[in-house]
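**Student:** just the structure for this:
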Amino acid sequence: MKYLLLCFFPLLFLLSCDDDEQLTTNSKEDYLIFGRYGFQCFGNCITVYKLQAGQLFADDLEYGFPEADDFQTTPLSDAQFQMAEVLSDEFPEELLETEQRIFGCPDCADQGGFYLSLKRNGTVTTWQIDTDDVDQTPGILAYKARIAEVLEAL
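**Tutor:** Model (predicted):
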């Protein structure tokens, strides 16, 4: 009986592991910031949102790239969070696996760019992605299209 228990507990431990780790909910400090910018403009030149701890926050910026605290303190609605959460679920692992942080030439010709910032396990990584489909893999192109869909819906 003692041997049966010794075999059973490690099996129970292994079966309890969860492979469906979400990027933005590992801890309350982790987040995903996403949005679009264009710095040759008048007025509000950047629109970004932050997914953090099961909530979605809108930015308080008109210009410049965001810091973690450049967001409103009141979260948006749960329906808006549900729309944006897919960006966490579908975040391309290839962005995490490459050293490249800028794809294409975002805003070089006043076309703007997409901005991503991911804080995961204490490490913050940011990316800028050209709105033109230059220097981007099919996975990044698909994710960029998904960001545009979410931004349009919000």
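
**Student:** how many neighbours does the closest residue in space to residue 126 that isn't next to it in sequence have?
**Tutor:** Excluding its sequence neighbours, the residue lying closest to residue 126 (Cβ to Cβ, 6 or more residues apart in numbering) is residue 117, at 4.4 Å. Glycine gets a C-beta too; all of them are placed from N, C-alpha and C. By other Cβ atoms under 10 Å, 20 other residues sit near residue 117.

**Student:** and the pLDDT at residue 117?
**Tutor:** Note for residue 117: predicted pLDDT of 94.

**Student:** could you do residue 91 as well?
**Tutor:** You'll see residue 91 listed with a pLDDT of 96.

**Student:** any idea how far residue 142 is from it?
**Tutor:** 12 Å (Cβ to Cβ, to the nearest Å).

**Student:** thinking again about what came up before, for the residue nearest to residue 126, helix, strand, or coil?
**Tutor:** Judged by DSSP: H, G, I helix; E, B strand; the rest coil, the three-state class of residue 117 is strand.
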